[in-house]
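Visitor: Sharing a model prediction with you, sequence too.
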Amino acid sequence: ISNLSGRIGLKNNLFQKISERSLNSKSDDGIKEIAEEYNMGVSTIHGAESFYEFLRPSHREKKAFVCNGSACMCAGTQESLKKKLKEKLGDDKVGEMFCLGHCYENHAFHYNGENYAGNDINKIDQIIKGENIKQEKFFSKSFASTSFLMDDKLLNLDQFKSLLKKFINLDKKEIIKSLLDSNLSGRGGAGFPTGLKWDFCSKEKSKKKYVICNADEGDSGAFSDRYLLEDQPLKVLFGMIICGYVIGGNEGVLYIRGEYPKSIEAINGSINALKSSKLLGENILGTDFSFDLNICIGQGAYICGEETALLESLEGNKGQPRLKPPFPALVGLYGCPTMVNNVETIAVVPTILRKGGKWFASIGRPKNTGTKIFCISGNVNNPCNVEEEMGIPLKELIEKHAGGVIGGWKNLQAVIPGGSSMPLIPKDVCETIKMDFDSLVAAKSGLGTAGVVVINKDQDIVKCMARIAKFYKHESCGQCTPCREGSGWMWRILERAA
C-alpha cells in the first residue's frame, strides 16, 4: 500500500507539499489535488496537516509569538514583552511558542519569520517596518583540554574537499572502528553508542538507505544544535556525507525545526555551496560514491524530536512515534534502513576521524567519553554555551563558566540538568553531581540535551513545574492515554497548587 500511494521519496515530498499548501492558502484549496496525486483520502491529508501547530489556521492568524520556555519564564520577562507586542500589533495578533533557542537572552519573540531577543524589543518599530537590526550573539567558548566541537572548525570548502577526499577513499570498516574506539554516545539524549549504530546499519542489505540529521531541538533550555547549525554548518554536513558513505546511503535530509530560521538559512547556503563545488551529487570527487542532501522544515511539533515520530512526519503523516523494534537502523524511512543522528553527534565525527577515536575516549570518564556542549541559562549571571569534558562537576560548570547563581550559590533552589524533559535535581545533589549520562541517571535524572536551566529561590518552583507541565500537555501527540490524559491532569493539579 505504501508503494502504491506514491509517497516514497524525499523529492516531491508529501510533508513539504502539505506544508506549502497550508502556509500559502487560507482555505481548503489544494487539499483534494494533493490527495488525488498521492492516492490518499482528503481526511488523511487534513488530519496530518491539523496535527502541526504552524499549519493550523489559528496559528497563521497571529503576527508575533512570545517564547514561553523555562529560561524565559525564570527571567520573568515575558509578560511585559507580550504586553508591548499587543500594544503594537493588537491583542488577537500575539500568540505563544515554546522555546526559540534564545535562552541566554530572554525577552525572546518570533515575528514575521525571524527570531528576536534581548534588547531587540526596543527596536520593535524598526522590526515592524522590515528594517534589519543588529542582533547580539551568545557567548560560546571551549574550555575542554582538547576541543572536538567549537575550536576545531571546517572553515572553507578547500579544507572540506581535502578531508572528504581522504575519508571517502578510506575503508569503511576503519571509520566504524574509529567510532567504536571513541565510545561516542549519541548526544541527543538516549546515549546509544554511535559506532554500534552505524555498524548495524552498514551491514543491513537494502537497495536504498537514508541518513537523517535530527535538528528538531525543542527542549526548553537547549540551544547547542542551533550554535552548530549556524556557526559550523560545514561540519554537520561533512558528518552526514561520511555517514552516507559508511552505511551505503546516497540520500540525506536535515529535519530542522521551523523556529530556527537562521539555522535553515545557514544550512541551505552551505548545501548550495557544496553542490556548486560538486562536493554533493553524483560521483563525488571522481569516486563511485554519490550523495545528495536536502532540508525538511518542521512545523511546530515537539514530538518530532523523537526519531520515529520524525520519520512519520517526513512521510507526510502525523508525527506520532512508532513501536520499536524494529529500530530505524534496520527499518526506517519508507521501510528502508535509516541512520538518525542528533546534530552534535554528527558534528563531532569529523574531528574524531582526524584526531583518532582513542584520543576522544581518553577524555571524560569510562562510558561517558569526549566533550559535550553545555547550554547554561536561567538564574545565572552569565548565560552561555560552553564545550567541556564529560563528567565536569555541575557546580564548576555554573560557578566557573556561567558567573554563578544570581544571589549566590546559597540562593540556588534546583537545576534542570538536561532540558525540560529531565527531572529537577535539588541543591544538595547539585553540590557534587557530575555532568555525564551515568552520574545523572544514578541521581534519578538525566543528561538529555545538556540544556542546564538554573532555578534560584526567587522562583516559585510549583509555578515552574506548572509551566513545564503545560508545555507537555500542549505538545502531547495524543497517541497514548497516559500522556494524552495524564499531562493535562498534571498541569491542572499544579496550577491549583500554584
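Guide: Okay, I see it. Numbering: from 1, shown residues only.
Visitor: Now for the most centrally placed residue in the chain, which secondary structure element holds it?
Guide: What sits nearest the mean C-alpha location of the chain, by CA atoms, centre = their mean, is Glu217, with 2.0 Å. Counting by DSSP states H and E, no helix or strand carries Glu217.
Visitor: Not counting residues beside it along the chain, what's closest to it?
Guide: Spatially, and ignoring its direct neighbours in sequence, Glu217 is nearest to Asp225 (4.0 Å; CB to CB, 6 or more residues apart in numbering). For every residue, glycine as well, the C-beta is placed using N, CA and C.
Visitor: What is the neighbour count of that neighbour?
Guide: 31 (other CB atoms under 10 Å).
Visitor: ok, now which ones touch it?
Guide: 215, 217, 263, 342-344 (CB atoms under 8 Å, 6 or more residues apart in numbering).
Visitor: Okay, now the unreliable bits of this structure?
Guide: Low-confidence segments of the chain (pLDDT under 70): 1-8.
Visitor: which SS class is Gly221?
Guide: Using DSSP: H, G, I helix; E, B strand; the rest coil, the structure places Gly221 in coil.
Visitor: Now do the same contact list for the closest residue to it other than its chain neighbours.
Guide: In space, Gly221 comes closest to Gly451 once its chain neighbours are excluded; the distance is 3.4 Å by CB to CB, 6+ apart. Gly451 makes contacts with 103, 219-224, 375, 377, 416, 418-420, as judged by CB under 8 Å, 6+ apart.
Visitor: Give me the phi and psi for Gly451.
Guide: Main-chain torsions, Gly451, degrees, to the nearest 10: phi -90, psi 100.
Visitor: Who does it form a beta bridge with?
Guide: Assessed by DSSP bridges, Gly451 has beta-bridge partners Cys375.
Visitor: That one and Lys470: what is the separation?
Guide: Remark: distance between Gly451 and Lys470 (CB to CB, to the nearest Å) = 18 Å.
Visitor: Please compute how far the strand or helix carrying Lys82 lies from its chain's middle.
Guide: Taking DSSP H and E as the definition, Lys82 sits inside helix 78-89. From the chain centre to the centre of helix 78-89 is a distance of 28 Å (CA atoms, centre = their mean, to the nearest Å).
Visitor: Give the buried residues for that helix.
Guide: Residues of helix 78-89 classed as buried by neighbour count (16 or more other CB atoms under 10 Å): 78, 81-82, 84-85, 88-89.
Visitor: Out of these, the closest to Thr44 would be?
Guide: Set against Thr44, the nearest of those by CB to CB is Leu89 (35.4 Å).
Visitor: give the contact list for that closest one.
Guide: Shown in contact with Leu89 (CB under 8 Å, 6+ apart): 63-64, 128.
Visitor: What of Val349?
Guide: So Val349 contacts 179, 184, 194, 238-239, 242-243 (CB under 8 Å, 6+ apart).
Visitor: Between the residues you listed, identify the one with the most neighbours.
Guide: Neighbour counts for those, by other CB under 10 Å, peak at Cys243, which reaches 28 neighbours.
Visitor: In this structure that residue contacts Pro337, no?
Guide: No: the pair Cys243 / Pro337 is not scored as a contact, 12.0 Å apart, by CB atoms under 8 Å.
Visitor: Can you check which residues contact both of those two?
Guide: Contacts common to Cys243 and Pro337, judged by CB under 8 Å, 6+ apart, are Gly249.
Visitor: show me what contacts the residue nearest to Glu475 when sequence neighbours are not counted?
Guide: Leaving out its chain neighbours, the residue that sits closest to Glu475 by CB to CB, 6+ apart is Tyr302, at 3.9 Å. Contacts for Tyr302 (CB under 8 Å, 6+ apart) come out as 98, 216, 218, 471, 475.
Visitor: What is the nearest of the residues you listed to Phe167?
Guide: When those are compared for distance to Phe167 (CB to CB), Asp216 wins out at 27.2 Å.
Visitor: ok, the closest one to Leu314 distance?
Guide: For Asp216, the distance to Leu314 equals 11 Å [CB to CB].
Visitor: quick one: common contacting residues for these two?
Guide: With CB under 8 Å, 6+ apart as the test, Asp216 and Leu314 both reach Tyr255.
Visitor: Which one's more surrounded, the two?
Guide: Using other CB under 10 Å, the more surrounded residue of Asp216 and Leu314 is Asp216, with 29 against 25.
Visitor: nearest spatial neighbour of the more buried one, skipping sequence neighbours?
Guide: The nearest residue in space to Asp216 (CB to CB, 6+ apart) is Gly305, at 4.3 Å.
Visitor: for that neighbour, what are its contacts?
Guide: Per CB under 8 Å, 6+ apart, neighbours of Gly305: 188, 214, 216-219.
Visitor: quick check, nearest of those residues to Thr481?
Guide: Of all the contacts of Gly305, Thr481 sits closest to Gly218, with 22.6 Å by CB to CB.
Visitor: Wait, that closest one touches Phe98, no?
Guide: Yes: counting by CB under 8 Å, Gly218 touches Phe98, with 7.4 Å between them.
Visitor: Residues that sit against both of those two, list them.
Guide: In contact with both Gly218 and Phe98: 302, 475, using CB under 8 Å, 6+ apart.
Visitor: what ranges do the strands span in the stretch 251-400 of the chain?
Guide: Taking DSSP state E, counting those that start in this stretch to define them, one finds strands in the stretch 251-400 of the chain at 251-256, 292-297, 338-342, 364-365, 368-369, 371-378, 384-389.
Visitor: now for those, which one comes closest to Asp199?
Guide: strand 338-342 (10.7 Å).
Visitor: Enumerate the helices of the stretch 201-350 of the chain by residue range, in sequence order.
Guide: 224-231, 233-247, 261-276, 307-314, 343-355 (DSSP state H, counting those that start in this stretch).
Visitor: Select, out of the ones you listed, the one closest to Leu155.
Guide: Here helix 233-247 is closest among the helices of the stretch 201-350 of the chain (CB to CB), at 7.8 Å.
Visitor: Neighbour count and distance to Gly298 added to the contacts of Leu89, as JSON lines?
Guide: Output for those, formatted as JSON lines (neighbours: other CB atoms under 10 Å; distance: CB to CB, whole Å):
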{"residue": "Lys63", "neighbour count": "16", "distance to Gly298": "21"}
{"residue": "Ala64", "neighbour count": "23", "distance to Gly298": "20"}
{"residue": "Ile128", "neighbour count": "14", "distance to Gly298": "26"}
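Visitor: Between those, which sits nearest Gln459?
Guide: For those, the nearest to Gln459 is Ala64 (25.7 Å; CB to CB).
Visitor: For that closest one, grab phi and psi.
Guide: Per degrees, to the nearest 10, the backbone of Ala64 is at phi -140, psi 150.
Visitor: so what's it closest to, chain neighbours aside?
Guide: Tyr111 (4.5 Å).
Visitor: So what's the residue count around the spatially closest residue to Glu306 that is not a sequence neighbour?
Guide: In space, and not counting its chain neighbours, Glu306 is closest to Pro321: 5.0 Å by CB to CB, 6+ apart. Pro321: 17 surrounding residues under other CB under 10 Å.
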